[in-house]
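Peer 1: need a structure here:
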Amino acid sequence: MSRVTGVHARQILDSRGRPTVEVDVATDDGAFGRAAVPSGASTGTSEAQELRDGTGEYDGLGVRVAVGHVNDEIAAAVAGQDAHDQAAVDALLLALDGTPQLRRLGANAVLAVSLAVCRAAAASQQRPLYRWIAELAGAAAPSLPMPMVNILSGGLHARGGMDVQDFLAVPASAASIEEAIAMAGRIRSAAADVMAARGLTTLLADEGGLSPGLATGRDALQLMTESIERAGLMPGQDVLVAIDVAAHSLWDPDRGDYHLVREGRRVGTAELIEIICGWAGEFPVASIEDALDEEDWAGWQQLTRRLGGRVNLIGDDLFTTNLSRLRHGISLGAANGVLVKVNQNGTLSGTLEVIAAARAAGWVPVVSARSGETEDAFISDLAVGTGAGQIKIGSVRCSDRLAKYNQLLRIAEDPALGFAGLTGYPRHAAQPAGRPGPQP
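Peer 2: This is a model prediction of the structure:
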């Protein structure tokens, strides 16, 4: 037993200079845990709701009310709880809030307490956080994940500089997390050189990627290919490409179509599917996230029939780390993977349930950061402890991203941990003609 004796919250700033919640938890055996929560830009309507003040400082984005909920109501309720019983603590927090999507107390308040309790429990046992998470998740084989690393950005991460939100590199031939991160750094540097030589802007986007402002997704994929080659690597063999379309931000509910603003045209579901399938046929695309709108279930089914056997089709806004939506998607055969964001769910226990459900269905879980992040590296331990196999942190720039990559490098010193490599990808991930694909 490790009883909670103190809970204290404060308002801090995230990577975009916006307020967020940080919580400290102390226990009667002298343990301590601290956690801070992130915030998204491209958000699904079904995710747990953060609580913002609405008025006052930071243009109404302050979290003083959420901090007050932690320091008063939540602290009183959690006092005396066993920090080792994560499920009971999280169930208490959900019941205390008592509303759909944690609207009353705020998901930012609830999640910060949930994660801080987990850290305190690990500290009380003098165990690495990822080992304690592995026990909570029932994971027999924790492992270091393959990173997908942001190189080019548009959408809501770069003020609409490109229609598609992110283009990412998957270091397919890397034999370790250290090599994977180093390869990603080479590709990003090469991309900056290519863009500078072309006279393109190299402005920094929210997640540390570069924002070249290209007109089409195909142009961005060509730039990705050129950057990989400039880094001395082979597209489709050394490096695969992942895409985050973030199609919900392109969807026009009034017109019932997708508005590609940079391209100056509108397309329906069938045409967008053809565009995406064209990308997957021409370039070494191995993963596509949020290819269609969050309520376009029929479109997702069609896309999955077309590409699901050779590309990971990941739902982010589609599922919002929500167990009921994930189960619905599994029943329909819409997508074959889920992006896992702890702040979309609201508690650690709920997040672990989503990962377990994805695994049980043979789907791919991808642990992910948000566009508004802090230096808290909890998701690195989460990805390792659950053996998720994949992690999406952002680019190899900015302290909020590097804190998580650096934590993976520290964890990698554990000789008992293996590296997931490409085990989470189809063996025949899409490759351009004439370019052999990597083997797991």
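
Peer 1: quick check: pLDDT value at H84.
Peer 2: Looking at H84, its pLDDT reads 98.

Peer 1: wait, it sits on R3?
Peer 2: No. H84 is beyond contact range of R3, at 9.7 Å (criterion: CB atoms under 8 Å). Any C-beta I mention is one placed from the backbone N, CA and C, and that applies to glycine too.

Peer 1: which neighbours do those two share?
Peer 2: By CB atoms under 8 Å, 6 or more residues apart in numbering, H84 and R3 have no common neighbours.

Peer 1: so which of the two has more stuff around it?
Peer 2: Just comparing H84 and R3: by other CB atoms under 10 Å the higher neighbour count belongs to H84, 21 against 15.

Peer 1: measure that one to A35 for me?
Peer 2: Noted for H84: a distance of 17 Å to A35, by CB to CB, to the nearest Å.

Peer 1: nearest spatial neighbour of A246, skipping sequence neighbours?
Peer 2: Counting by CB to CB, 6 or more residues apart in numbering, Q165 is the residue found nearest to A246 once chain neighbours are left out, at 3.7 Å.

Peer 1: pLDDT wise, what is the nearest residue to D193 once chain neighbours are set aside at?
Peer 2: Nearest non-adjacent residue to D193, counting by CB to CB, 6+ apart: R230, 6.5 Å away. What the model reports as pLDDT for R230 is 97.

Peer 1: likewise for A361?
Peer 2: 97.

Peer 1: count the neighbours of the residue nearest to A246 for me.
Peer 2: Neighbours of Q165 under the rule other CB under 10 Å: 31.

Peer 1: just checking, it touches D244?
Peer 2: Yes. Between Q165 and D244 there is a contact at 4.7 Å, judged by CB under 8 Å.

Peer 1: show me where the stretch 101-250 of the chain has helices.
Peer 2: Along the stretch 101-250 of the chain, the stretches classed as helices by DSSP state H, counting those that start in this stretch are 107-124, 129-137, 177-198, 217-230.

Peer 1: how distant is the last one from the center of its chain?
Peer 2: Think helix 217-230. Computed by CA atoms, centre = their mean, to the nearest Å, the chain-centroid distance of helix 217-230 equals 23 Å.

Peer 1: looking at the protein, which helix or strand is least sure?
Peer 2: One helix or strand of the chain scores below all others by mean pLDDT, DSSP states H and E: strand 203-204, with a mean of 81.

Peer 1: in contact with the residue most central in space within the chain, which residues?
Peer 2: The chain has S368 as the residue nearest its centroid, 1.8 Å off, counting by CA atoms, centre = their mean. Contacts for S368 (CB under 8 Å, 6+ apart) come out as D316, L339, V340, K341, I379, I391, K392, I393.

Peer 1: again, 10 Å this time
Peer 2: S368 sits next to 38, 40, 148, 244, 289, 314, 316, 321, 338-342, 344, 379, 383, 388, 390-394 when contact means CB atoms under 10 Å, 6 or more residues apart in numbering.

Peer 1: so which of those residues sit within strands?
Peer 2: Within the contacts of S368, residues falling in strands by DSSP state E are M148, D244, E289, I314, V338, L339, V340, Q390, I391, K392, I393, G394.

Peer 1: for PyMOL, what selects the buried ones among these?
Peer 2: In PyMOL, this line selects whichever of those come out buried by 16 or more other CB atoms under 10 Å:
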select buried, resi 148+244+289+314+338+339+340+390+391+392+393+394
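
Peer 1: where does the protein have low pLDDT?
Peer 2: Within the chain, the segments meeting pLDDT under 70 span 42, 155-160, 427-440.

Peer 1: would you mind measuring the gap between the ends of stretch 16-34?
Peer 2: End-to-end distance of stretch 16-34: 21 Å, with CA to CA, to the nearest Å as the criterion.

Peer 1: oh, I was asking about stretch 370-380
Peer 2: Per CA to CA, stretch 370-380 runs 13 Å from first to last residue.

Peer 1: what of stretch 205-215?
Peer 2: 17 Å.

Peer 1: okay, buried residues for it please.
Peer 2: For stretch 205-215, burial by neighbour count (16+ other CB under 10 Å) applies to A205, D206, E207, G208, G209, L210, S211, P212, G213, L214.

Peer 1: reformat these as a markdown table; add distance to D53.
Peer 2: Output for the buried residues of stretch 205-215, formatted as a markdown table (distance: CB to CB, whole Å):
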| residue | distance to D53 |
| --- | --- |
| A205 | 27 |
| D206 | 22 |
| E207 | 25 |
| G208 | 28 |
| G209 | 30 |
| L210 | 34 |
| S211 | 30 |
| P212 | 36 |
| G213 | 34 |
| L214 | 38 |
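
Peer 1: H69: which of those is nearest?
Peer 2: Taking CB to CB as the measure, D206 is the one of the buried residues of stretch 205-215 closest to H69, at 27.2 Å.

Peer 1: is it true that that closest one touches E373?
Peer 2: Yes. Distance between D206 and E373: 8.8 Å, which falls inside the contact criterion (CB atoms under 10 Å).

Peer 1: mind giving me the packing neighbours of the least confident helix or strand of the chain?
Peer 2: Where contact means 3 or more CB pairs under 10 Å, 6 or more residues apart in numbering; DSSP states H and E, strand 203-204 is packed against strand 210-211.

Peer 1: for the strand it packs on, packing partners?
Peer 2: When contacts are defined as 3+ CB pairs under 10 Å, 6+ apart, strand 210-211 sits against strand 146-153, helix 177-198, strand 203-204.

Peer 1: which residues touch the last one?
Peer 2: The one in question is strand 203-204. 153, 158-159, 161, 195, 209-213, 395, 397-398.

Peer 1: where does S287 land in three-state SS?
Peer 2: The three-state label for S287, taken from DSSP: H, G, I helix; E, B strand; the rest coil, comes out as strand.

Peer 1: how close does it get to D90?
Peer 2: Separation of S287 from D90 (CB to CB): 30 Å.

Peer 1: try G418
Peer 2: 29 Å.

Peer 1: and the two? which has more neighbours close in?
Peer 2: For G418 versus D90, the count of surrounding residues by other CB under 10 Å is larger for D90: 24 against 13.
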